[in-house]
Every structure is written in C-alpha cells, then in structure tokens.
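S.K.: Below are the sequence and a predicted model; questions follow.
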Amino acid sequence: MTVQRQYTLPHCNLVLEGLSADANDPLSPLAVLMNAECHLPGASDATLTGGREFLDSLVAAVSRYGQQLLSGVPSPAPAGPGQPTVEVKPGEGGYHHLLVHQQPLGEPLSDINAQPPLDVKLTTVQFYDLMEAVDQLLADTQTLPDLTAQFQAVSRRLVQPTEPIAQRAAPAALGAAVLAAAGLALFFVPPPEFEPTRPESESSAPAESGTNPLETAPGAGVEPVVDTTESAAAGVDLERLEAAPAITDAATLALLRSDLARRLEENWTDAPRPSGDLAYRVMVSEDGDILGYKYDSDLALAEVDNTPLPQLTFVPVDGAEPVRERVAQFIATFTPAGQVLVEPTSAPTAAPAGTSTGATAATLPPLENKIADGDRIRALNGTLYDDILAELGPLSASEDLRFRVRLTDAGEVVGYEPINAAAGLLARETPLPGLVTAPEGDRNQADFQVVFTQGGVLQVSPWDGWPQ
C-alpha cells in the first residue's frame, strides 16, 4: 500500500512517499521509501527530489550544519572517500547555501559524470524551517524508525578560546609594564644617609676623612626587572609542562607528528603567508591535543595570530594544575611558501627489544595488485565487518578511530594503518591486531576504511568507494 507523509512549515514542505509495512494499517512505518521531495518556497521555488540516499544525506547535512550554527563551534566535515549528496555551507550576508550534487538519471555518483551542484540560497528563517521539518521527521517513529541523526560531541581541539590571544595576554603585559616602571623609578631614588652612633668618648674626636663605610652607592642592591611582556604575549606557559612525562615511543611520536602536521595544514590554508619562517616549540598530548607552544623568534611572536596555533591550543580550566599526562615536543615551522614542517625536538627512543610497536599498524605500502571484481569487494567488505564485530569490545576512545585495512582476495587481513593519532594510540584496544594473519604477497588485495565511532558504531566501507 502506497502512503504519503508530509511535514509542512511556512518555508519548507518535506514529502515522503513509500510502501507501508502493513497494507491494512496506513499508520504503519514505511517498509520502502520510493521518493522524497523537499519544496522550498521563496528560495527560487526550488524542489529537491531523490531516494533514500538523498534523504539520508539531507538529514545528515542539515543536522550537522544546524548543530554548528546553534553552538558556534565548527563541525568537521564527515570523513570518507566519497562526496556527500547534500551539503550545507555558510554564505555571505547571513545566507546559507544548500548544495545538491546532481547526477544523470540511472548513473551512480562519481566524479566523471557529475554535473555542477545545484546551489539553493536560503535565509536563516528558511534554513530553520528546513531544520524543523527534518527534526519532525526524525521524531516521527511511524515513518522511518531507522532514520536517526548521528550527533556527537565536537573534539575539544576545535573549540576556540573565547578571547583573542592579545586580550588574554593584556593583564600579564600590563602587570609587567607596571613592575618595570616601578623598578625604574626606584633606581633614581637615593638611599637614605646613615651615620652610626659612637660613644661619647669618641664624639668629640675629629671625624676621619673619607666616606662612610656603611653608605651605599645610589642604585646598589636594586635587582634588575625582568620584562615578561613577550613571554606573556606568547599566550602559553610551557614551564608547567616541562615536568610532564615525555613520550619516547617512536611509533607514537610518528603518529602524533603526522596528525599535528595535518591539522596545522588544514587550518592554515586561508591565512596570510609570513615574511619569513615562523618556528614554534609545540607540546602535544597522547590524544593529539596541543597543550602549549612557544615562539622561537621575534617574528614568530609578532605573527602568531596568523597561525592556527592559538585557535587549536587546548586551554585548561585550571591552568595552574600540573600536567600528569605524557606529552611530546615538536618544532612546527610555517614557511613563506605555505608549507608546514613538523620535526621532533629530539630523536625518538626505539622500543625495547622483544616488544612490539604495532608493525602491522605501520604505513601500508602502495597497493599494486588491486581486486577489480565489484562483487568480490562487496563480499570482502561484509566479511571484514562481521569479523571485527565478532571480536569488538568497549573502547576508551574519546573520538573516532579511523583505520585503513588491507585484505587479500581470500579475505585474510594483511595489515592496517591508523589514519588519525587516536587510532594509532588505541589500536591495541581494537580487534585489528588479532585479525592480521596473511603476510605481504603478490596476491590481489583491496583496502577498506574502518571507523570505530565515539558512539560505539562500527563502519566499514571500500577505501576507493563502492564499486559500480
């Protein structure tokens, strides 16, 4: 039985049509979604149409952008080899752009035959009506009960400080300036003269020529004032991190270095280029958070706000509390050519003999003999999902763990490669190390993306996208 469900608001009308699960009950949930239409009156009178893939992408894009709009914290783009069908991006003048990537009818989504995206310009009121229609759909358990919005907490590294670095450094700089002024004023104040008392028998004696042995020269004993303005302007106190235990494992340092370079590059794309190299000493925690940084030159201090370091640095609630977690130090250099170079401050310590640092978790070599059969790739994807799920237990991850996993055409796991720093640090908590059974060889192989989400959901998909 074909049924239709509508969610109508002044600036949005969301219509779903499909087959009811129970032919005798028109209020039963939809077993199959045949068509989804989104009418946006006033926004060029646009009408967006598609199937279940379009609806899932629309719900995910609107929910993610709405969370970003209401919280003020930018939400990272969803990771994955493919491009989402629907995206929502901010525009100028308070407008929002709803982008729908079009594709010729009957053809799968790909970069080869994709058409220019349909750009629907929405006001804030229109977007809020669209978000309300999506929320009503998600709350309606009698339409598509399996359709849910995957909300998750944004990593603390994305939360920007509420005050700019110059404003946060102003009180310390003012205090240092007042201290320097007071010291300078005291420098010109002569010490009081002092004449020791003498017995009466000596009071009538003529005074000896020369100066008083207890008299001090002007300015003597005044300690020099240390100007801490520059160190305060750096915005970061690394002294409290010096006592923290250091990360010495070579594999962990390599992962943290790669993750730090990637995040700095992604957040420095639109910044003005410096006139010279800007070098900073950066402290990073085990989960990849930037805990502090220190400029290495006057130029680096002057142009620190043009780098992503102030925005990416985690500011603790109690800055005086000692740091107990292990940290790693790197030298991050921003070059005038637009490059970000990250180097360790010292050579990493090799792992003790007889211990494993996760050799199967090292960077996978380029894949030469790829499996070309689409049916076989789908079968391997399902096999890998079932094998991981059978051994999966609770994880202590505070963010998504992303891996690249390589399988042979027989379904044997050759190795895996962590994509982010958290994945490398917590790889041993996942079933992946125990699933590696096949050595590298000349057999045909395929790579898959495996994601252990923060909410405990397992996601497995082909690395190069689903075959046609």
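M.R.: Done, it's in. Residues are numbered from 1 along each chain as shown.
S.K.: Using the three-state scheme, assign residue 282.
M.R.: Assigned state for residue 282: strand (three-state reduction, DSSP: H, G, I helix; E, B strand; the rest coil).
S.K.: distance of it from residue 334?
M.R.: 11 Å (Cβ to Cβ, to the nearest Å). Yep, even glycine has a C-beta here, placed from its N, CA and C like the rest.
S.K.: go on, residue 171?
M.R.: Plainly put, residue 171 is 28 Å away from residue 334 if you go by Cβ to Cβ.
S.K.: For those two, indicate the residue with more neighbours.
M.R.: residue 334 (27 against 10; other Cβ atoms under 10 Å).
S.K.: What is the burial count for the nearest residue in space to that one that is not next to it in sequence?
M.R.: Excluding the flanking residues, the one nearest residue 334 by Cβ to Cβ, 6 or more residues apart in numbering is residue 278, at 4.3 Å. The local packing of residue 278 (other Cβ under 10 Å) involves 25 other residues.
S.K.: Could you do residue 84 as well?
M.R.: Residue neighbour count, defined by other Cβ under 10 Å, stands at 19 for residue 84.
S.K.: hang on, isn't it packed against residue 61?
M.R.: Yes - Residue 84 is within contact range of residue 61, at 6.4 Å (criterion: Cβ atoms under 8 Å).
S.K.: in stretch 134-151, what's buried?
M.R.: With burial defined by 16 or more other Cβ atoms under 10 Å, the residues of stretch 134-151 counted as buried are 134-137, 143-144, 147.
S.K.: could you list every residue that touches residue 442?
M.R.: Listed by Cβ atoms under 8 Å, 6 or more residues apart in numbering, the contact partners of residue 442 are residue 369.
S.K.: Assign the closest residue to residue 26 other than its chain neighbours to helix, strand or coil.
M.R.: Of all residues not flanking residue 26 in the chain, residue 3 sits nearest, at 5.5 Å (Cβ to Cβ, 6+ apart). Here residue 3 is recorded as strand under three-state DSSP.
S.K.: I'd assumed residue 21 was in contact with residue 3.
M.R.: No - in this structure residue 3 lies outside contact range of residue 21 using Cβ under 8 Å: 9.8 Å.
S.K.: These two: which has the busier surroundings?
M.R.: More crowded of residue 3 and residue 21, by other Cβ under 10 Å: residue 3, with 20 against 15.
S.K.: quick one: the more buried one from residue 27, how far?
M.R.: Counting by Cβ to Cβ - residue 3 and residue 27 are separated by 8 Å.
S.K.: Point me to the helix or strand that includes residue 325.
M.R.: Using DSSP states H and E, residue 325 falls within no helix or strand.
S.K.: now the one 4 residues further on
M.R.: Element membership for residue 329, per DSSP H and E: strand 327-334.
S.K.: Return the set of residues that bridge with residue 48.
M.R.: When bridges are called by DSSP bridges, residue 48 pairs up with residue 38.
S.K.: residues in contact with it?
M.R.: 37-38, 40, 54, 58, 100, 118, 120.
S.K.: Now a ChimeraX select for only the buried ones of those residues.
M.R.: Burial among these is assessed by 16+ other Cβ under 10 Å; the matching ChimeraX selection reads:
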select :37,38,40,54,58,100,120
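S.K.: Helices - which of the contacts of residue 48 land there?
M.R.: Under the assignment DSSP state H, these contribute 54, 58 to helices.
S.K.: Shouldn't residue 447 be within a strand?
M.R.: Yes - note on residue 447: a strand contains this position according to three-state DSSP.
S.K.: Run through the bridge partners of it.
M.R.: Beta-bridge partners of residue 447, counted by DSSP bridges, are residue 406.
S.K.: how much space is there between it and residue 60?
M.R.: Residue 447 is 24 Å from residue 60, by Cβ to Cβ.
S.K.: just residue 294 next, same as before
M.R.: 40 Å.
S.K.: List the buried residues in stretch 445-464.
M.R.: 445-453, 460-463.
S.K.: and of those residues, the nearest to residue 93?
M.R.: Checking these against residue 93 by Cβ to Cβ gives residue 453 as the nearest, at 35.7 Å.
S.K.: quick one on the thing from earlier: for the strand holding residue 329, packing partners?
M.R.: Here strand 327-334 touches helix 250-266, strand 278-285, strand 340-344, going by 3 or more Cβ pairs under 8 Å, 6 or more residues apart in numbering; DSSP states H and E.
S.K.: what secondary structure does the spatially closest residue to residue 280 that is not a sequence neighbour sit in?
M.R.: Spatially, and ignoring its direct neighbours in sequence, residue 280 is nearest to residue 293 (4.7 Å; Cβ to Cβ, 6+ apart). Recorded secondary structure, residue 293: strand (three-state DSSP).
S.K.: from memory residue 293 sits against residue 278, does it?
M.R.: No - Residue 293 is not in contact with residue 278 according to Cβ under 8 Å; the separation is 10.9 Å.
S.K.: Am I right that residue 7 sits in a strand?
M.R.: Yes - with three-state DSSP as the criterion, residue 7 is part of a strand.
S.K.: elements contacting the lengthiest helix in the chain?
M.R.: Criterion DSSP H: the longest helix present in the chain is helix 165-187. Of the remaining helices and strands, those touching helix 165-187 by 3+ Cβ pairs under 8 Å, 6+ apart are helix 229-233.
S.K.: try 10 Å
M.R.: The contact analysis (3 or more Cβ pairs under 10 Å, 6 or more residues apart in numbering; DSSP states H and E) places helix 165-187 against helix 229-233, helix 309-312.
S.K.: distance between that helix and the chain's centre?
M.R.: Centre-to-centre, helix 165-187 and its host chain are 35 Å apart (Cα atoms, centre = their mean, to the nearest Å).
S.K.: If I follow the layout properly, the residue nearest to residue 280 ends up in contact with residue 315?
M.R.: No - checked against Cβ atoms under 10 Å, the pair residue 293 and residue 315 is beyond contact range at 12.0 Å.
S.K.: quick one: which of these two has more around it?
M.R.: A count of neighbours by other Cβ under 10 Å puts residue 293 above the other of residue 293 and residue 315, at 24 against 17.
S.K.: follow-up on the earlier one: what's the overlap in contacts for residue 3 and residue 21?
M.R.: Counting by Cβ atoms under 10 Å, 6 or more residues apart in numbering, the residues touching both residue 3 and residue 21 are 28-30, 142.
S.K.: Just among the residues you listed, which is most surrounded?
M.R.: That'd be residue 30 among the shared contacts of residue 3 and residue 21, by other Cβ under 10 Å, with 22 neighbours.
S.K.: List the contacts of that one.
M.R.: By Cβ under 10 Å, 6+ apart, residue 30 lies in contact with 2-5, 16-21, 142-147.
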